[in-house]
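Asker: Provided below for reference: sequence and predicted model.
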Amino acid sequence: MATERYVDREEIAFLLEVEPRTITNYVKRYTDFPSRVSGRDRTFPVHRCLIWQRDRIVASAVADVSTPAPTNIADAVQRKAIADAALAELKLAKLRGDVVAVEAAAKEIRDAFGRVRMRLLSTPGEYAPQILHIEEIPQAVVRLRQLVDTVLAELQSNAGGAAIDEEEDDEDEAA
């Protein structure tokens, strides 16, 4: 890495978008705020100061969203009761079907995409004979649009996949 550039208090304040007095407060309050002293002059390494500020902002954001540790037994008991109530509500929502586990939803989506893929892969072999002797492109486009509409309608009507799953079973038995 190239030599770090050091700047004075006013310039680092400008770069960090704070007042120069804030820089002085950082130096007094935070022992890890990067700076060096040469005689009476204090200078600040730009890169390390920017990293320090970023880390401080991230730590502050994490602290804002983190649940503070309980300060006494009563606080801990209250938090446990709240957590137990939230857990009971989640279980009830699952029983009602108001919420779905991410794994179950992902499996359902994978299965649906698998059915769509299988249906699309079977389309050319199934419909090729119907367009084989079409000699003009507009006729072929019209026929292909009809075929796409038919396939989409089949997929929509088989949202649960029952008919397509039966076709899979027939193919498995034939193999």
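Answerer: Everything's here; your move.
Asker: Provide the strand pairings for the top strand by length along the chain, with the direction of each partner.
Answerer: What stands out as the longest strand in the chain, according to DSSP state E, is strand 41-45. Partners of strand 41-45 in the sheet, by DSSP bridges, are strand 6-7 (antiparallel), strand 36-38 (antiparallel).
Asker: Mind listing residues that contact stretch 8-27?
Answerer: 7, 33, 35, 41, 42, 43, 44, 46, 49, 50, 53 (Cβ atoms under 8 Å, 6 or more residues apart in numbering). C-beta here means a position set from N, CA and C on the backbone, and glycine is covered the same way.
Asker: What separation is there between residue 118 and residue 146?
Answerer: 21 Å (Cβ to Cβ, to the nearest Å).
Asker: go on, residue 107?
Answerer: Counting by Cβ to Cβ, the gap from residue 107 to residue 146 is 33 Å.
Asker: now swap in residue 131 and tell me
Answerer: Using Cβ to Cβ, residue 131 is found at 10 Å from residue 146.
Asker: what about the helices in this protein?
Answerer: 9-16, 20-29, 46-65, 73-96, 102-131, 137-157, 162-174 (DSSP state H).
Asker: Out of those helices, which gets nearest to residue 3?
Answerer: Minimum separation from residue 3 across these (Cβ to Cβ) falls at helix 46-65, 10.5 Å.
Asker: tell me the angle the closest one makes with helix 9-16.
Answerer: Relative orientation of helix 46-65 versus helix 9-16 (axes from the mean of the first three to the mean of the last three Cα atoms, to 10 degrees): 50 degrees.
Asker: related to what we said a few turns ago, which of the strands paired with strand 41-45 sits closest to residue 136?
Answerer: strand 6-7 (74.1 Å).
Asker: quick check, distance from the closest one to the centre of its chain.
Answerer: Distance of strand 6-7 from its chain centroid, counting by Cα atoms, centre = their mean, to the nearest Å, is 39 Å.
Asker: Need the contact partners of it.
Answerer: Contacts for strand 6-7 (Cβ under 8 Å, 6+ apart): 15, 36, 43, 44, 45, 46.
Asker: which residue packs closest to residue 154, ignoring adjacent ones?
Answerer: residue 119 (6.8 Å; Cβ to Cβ, 6 or more residues apart in numbering).
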